[in-house]
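Q: Next one to model:
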Amino acid sequence: MSAHVSPDLLWMLTRSHTSFLNKRESGRIQFTSEPCNLTNLNSFKYSGLANSKAADIKSSVKVENGVAKNDNGIIITTKIQKSKKNSVLSKPAQVFKSIKSTNPAKQINFRRMANCVRKTVGGNYRPDLVNAALARWTKYHRSIVAIKSKTVAAKKK
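A: The predicted model follows:
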């Protein structure tokens, strides 16, 4: 998407006019639901559309009998900045690279996944997004623990 346009120009065009924008309190607070935005804030630093390097953490959804379940693992998604073929950058579906945890979400070790997030997002990719990515992973892990404790309590009754 941003292969032929500078990130600054793309941000200037999309910062106040995008379908992902959610304005609260008469426009003073602006959130966004765009892909690869870790904090859901409408700012250039976290924008998944304007930046050539962006990362996202989300739970994978498994559908069984028409019911969506979020217990199938965690997916870390990053944007591919450059490739051998420039045609990949013009195909939005091929711009993202995903890493999926092989274990179900209930069995994921917190520290091991945190190190994976730190190495994938940090390292040489986007070190400024490490804290936001770890915060997102912490929220997912806490929700998994809460769901797991509710199911264990329901089985004991």
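
Q: Check which element follows the helix or strand bottoming out on mean pLDDT in the chain along the chain.
A: None of the helices or strands of the chain scores lower by mean pLDDT, DSSP states H and E than strand 67-69, at a mean of 65. Following strand 67-69 in sequence order, the next helix or strand is strand 74-79 (DSSP states H and E).

Q: how about the helices in the chain?
A: Here the chain has its helices, by DSSP state H, at 7-14, 110-121, 130-156.

Q: got the buried residues for stretch 7-22?
A: 10-11, 14-15, 20-21 (16 or more other CB atoms under 10 Å). Yep, even glycine has a C-beta here, placed from its N, CA and C like the rest.

Q: Of those, which is the nearest to Val95?
A: Here the nearest of those to Val95, counting by CB to CB, is Leu10; it sits at 13.7 Å.

Q: Make sure Ser101 is actually in contact with Lys58.
A: No. Taking contacts as CB atoms under 8 Å, Ser101 lies outside contact range of Lys58: 11.5 Å.

Q: Mutual contacts of those two, please.
A: 74-75 (CB atoms under 8 Å, 6 or more residues apart in numbering).

Q: For the residue most central in space within the chain, name its beta-bridge partners.
A: Centroid check for the chain by CA atoms, centre = their mean gives Asp56 as the closest residue, at 1.9 Å. Beta-bridge partners of Asp56, counted by DSSP bridges, are Thr77.

Q: Run a quick check on it versus Asn40, I expect a contact.
A: No. Assessed by CB under 8 Å, Asp56 is found out of contact with Asn40, at 10.7 Å.

Q: rewinding a little: out of the helices of the chain, which gets nearest to Gly48?
A: helix 7-14 (10.7 Å).

Q: May I have the closest one exported as PDB, CA atoms only?
A: The C-alpha coordinates for helix 7-14 follow below in PDB (Å, rounded to 0.1, in the frame of the first residue of the first chain):
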ATOM      1  CA  PRO A   7       4.900   7.400   5.000                       C
ATOM      2  CA  ASP A   8       4.600  11.100   6.000                       C
ATOM      3  CA  LEU A   9       2.400  11.900   3.000                       C
ATOM      4  CA  LEU A  10       0.300   8.800   3.600                       C
ATOM      5  CA  TRP A  11      -0.200   9.800   7.300                       C
ATOM      6  CA  MET A  12      -1.200  13.400   6.300                       C
ATOM      7  CA  LEU A  13      -3.800  12.000   4.000                       C
ATOM      8  CA  THR A  14      -5.300   9.400   6.400                       C
END
